[in-house]
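Chemist: Structure of the sequence below:
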Amino acid sequence: MPRHGAPRFWRGRLEDGASRKRAPSASRFYNEPFPAHFFLHAMRVLLVEDDDMIGEAVRKGLRQDGFAIDWVSDGEAAVQAVGAPGAAAAAAESSASMFDLMLLDLGLPKRDGLDVVHEVRRRGIALPILILTARDAVADRVAGLNAGADDYLVKPFDLQELAARMHALLRRQGGRADPLMRHGDVLLNPVTREVLRAGVPVKLSGREFAVLHALLSRPGKVWSIAQLQDNLYGWDEEVGSNTVEVYIHALRKKLGSHFIQNIRGVGYVIPREVPTPPAEPTDRPDAQ
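Modeler: The predicted structure is shown next:
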């Protein structure tokens, strides 16, 4: 259950709620979805928050825009989630288990948020960390940033400001905030979430964009269905048996059947070499 005085959402702003014996359901505290243009691209976010209402509301808002949110509620679980020493290199190699960003509360059970920041940095994991906390003293902000956090946002916070700071972190830190991605006549802009084919805008759903972004991030790499699912869904989300195939089929219809190749029994790949589209059949005049 949420703690005493749990914050509440109202008109896109996270505010301190009054003391109450029983907190309403999280759905009453979040009824304005995050606009799609607030976000860089389909990110995988590790949310570390022990307040049920805040965590559920933020997770719901991000998921509505197609993001994979993994939520843990204590500091020890956060450290385990980002991996053991050397995990950054392993994650970079697999590109499947790497988080784009961590949203971190400070007042956590088992392990304080500042200690989580120290441990993540000690292990050499270059993960952008945005602290979300009610500790608003200047000394607390300085301590958080000096510990290795990249940004610090005090509760109550505006949801649009949170999203804007996420944008800025990914642009500044690098992470997986890629520059323009080009392959053949296809152009993907992670910042604006736009995809063009031969200069013509292509409308993609959030999940379709996430699949395309993953495949374009490493041309030539064969992605298994499980790896693509890891990029699309949080730990506790139900995944249909053929959801990835549905998104691949939709992308092929929009970008060309040749653009994404199926390696039977292994997975999907965008070849390093730009594939040549199959020749269109032409009518031949009847022989005289």
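Chemist: show me where the stretch 1-150 of the chain has helices.
Modeler: Secondary structure of the stretch 1-150 of the chain, counting by DSSP state H, counting those that start in this stretch: helices at 52-64, 75-82, 87-94, 113-122, 138-147.
Chemist: Least confident of those, on average?
Modeler: Note on the helices of the stretch 1-150 of the chain: helix 87-94 shows the lowest mean pLDDT, a mean of 42.
Chemist: residues touching Pro271, list them.
Modeler: For Pro271, the contacting residues are Pro219, Gly220, Gln261, by CB atoms under 8 Å, 6 or more residues apart in numbering. Backbone N, C-alpha and C define where each C-beta goes, glycine included.
Chemist: same check, this time on Leu132
Modeler: Leu132 neighbours (CB under 8 Å, 6+ apart): Glu49, Leu103, Leu104, Asp105, Leu153, Lys155, Phe157, Leu162.
Chemist: With pLDDT, neighbour count and distance to Ser73 added, can I get those in TSV?
Modeler: Output for those, formatted as TSV (pLDDT from 0 to 100; neighbours: other CB atoms under 10 Å; distance: CB to CB, whole Å):
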residue	pLDDT	neighbour count	distance to Ser73
Glu49	93	25	7
Leu103	94	24	13
Leu104	95	25	12
Asp105	94	25	9
Leu153	91	18	19
Lys155	88	16	16
Phe157	80	16	19
Leu162	80	21	19
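Chemist: out of those residues, which one sits closest to Tyr268?
Modeler: Each of these was scored against Tyr268 by CB to CB, and Leu103 proved nearest at 30.1 Å.
Chemist: can I assume that closest one is in contact with Val45?
Modeler: Yes: between Leu103 and Val45 a contact is recorded at 6.2 Å, counting by CB atoms under 8 Å.
Chemist: Please tell me how far the residue nearest to Leu180 when sequence neighbours are not counted sits from Pro201.
Modeler: Spatially, and ignoring its direct neighbours in sequence, Leu180 is nearest to Asn189 (5.6 Å; CB to CB, 6 or more residues apart in numbering). Separation of Asn189 from Pro201 (CB to CB, to the nearest Å): 11 Å.
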